[in-house]
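Student: for reference, the sequence and a predicted model appear below.
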Amino acid sequence: MSTPAAGSQPGPLSGTAVSSGAHGTTVRRAGLVAAVRLQDREAPARFSVDLVTRAPRPGRIATGGERIRLVWIGQRRVPGITAGRWLRVEGFLSVHQDLPTIFNPRYELLAGAPHDHRS
């Protein structure tokens, strides 16, 4: 098993995270918080959201981009992260419950939607 060199930077990936072989690597993505998943009070503290890398067009539901679950273990909420908010995230990609998932990702709140080149 090889380990990445110190200071190596993860590169961008195309396609879906799992199909492109990114499972088990560090990835960076920017996207829209499409859903916030709330836990029961009796459940372990865990805050999770679904991030989509391409926002739906007006009047549409489907996004056409990647969907990645972000999970913060030990948190019931993360300040600033709400549905409709744009984020840039980085973390170790795994598959949990058949979904690409990043646990405890680093994140940056973005001011608005990045420029969309679709016509």
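Tutor: Everything's here; your move.
Student: for the protein, give me the ranges with low pLDDT.
Tutor: Where the chain drops to pLDDT under 70, the residues are 1-22, 61-64, 113-119.
Student: please enumerate the helices of it.
Tutor: Counting by DSSP state H, the chain has no helices to list.
Student: which non-adjacent residue is nearest Trp86?
Tutor: In this structure, Trp86 finds its nearest non-sequential neighbour in Leu110, 4.0 Å apart by C-beta to C-beta, 6 or more residues apart in numbering. Glycine gets a C-beta too; all of them are placed from N, C-alpha and C.
Student: typed the wrong thing, it's Asp50
Tutor: Nearest in space to Asp50, with sequence neighbours left out and distances taken as C-beta to C-beta, 6+ apart, is Ala35 at 4.3 Å.
Student: can you check Gly80 too?
Tutor: Nearest residue to Gly80, sequence neighbours excluded (C-beta to C-beta, 6+ apart): Leu109, at 4.9 Å.
Student: and what of Thr101?
Tutor: Spatial nearest neighbour of Thr101, chain neighbours left out: Arg69 (4.4 Å); criterion: C-beta to C-beta, 6+ apart.
Student: any idea how far the one you found is from Gly31?
Tutor: Counting by C-beta to C-beta, to the nearest Å, the gap from Arg69 to Gly31 is 12 Å.
Student: next one: Ser94
Tutor: With distances taken as C-beta to C-beta, Ser94 is found 17 Å from Gly31.
Student: equivalent analysis for Thr25, please.
Tutor: Distance, Thr25 to Gly31, using C-beta to C-beta: 18 Å.
Student: neighbour-wise, which of the two wins?
Tutor: Gly31 (26 against 15; other C-beta atoms under 10 Å).
Student: partners of the more buried one in the sheet?
Tutor: Per DSSP bridges, the residues bridged to Gly31 are Leu87.
Student: tally up the residues packed near the closest residue to Pro105 other than its chain neighbours, please.
Tutor: Once flanking residues are discounted, Pro105 sits nearest to Gly91: 3.6 Å by C-beta to C-beta, 6+ apart. Look at Gly91: counted by other C-beta under 10 Å, it has 20 neighbours.
Student: what sits against Gly91?
Tutor: The contact partners of Gly91, by C-beta atoms under 8 Å, 6 or more residues apart in numbering, come to 26-27, 70, 102-106.
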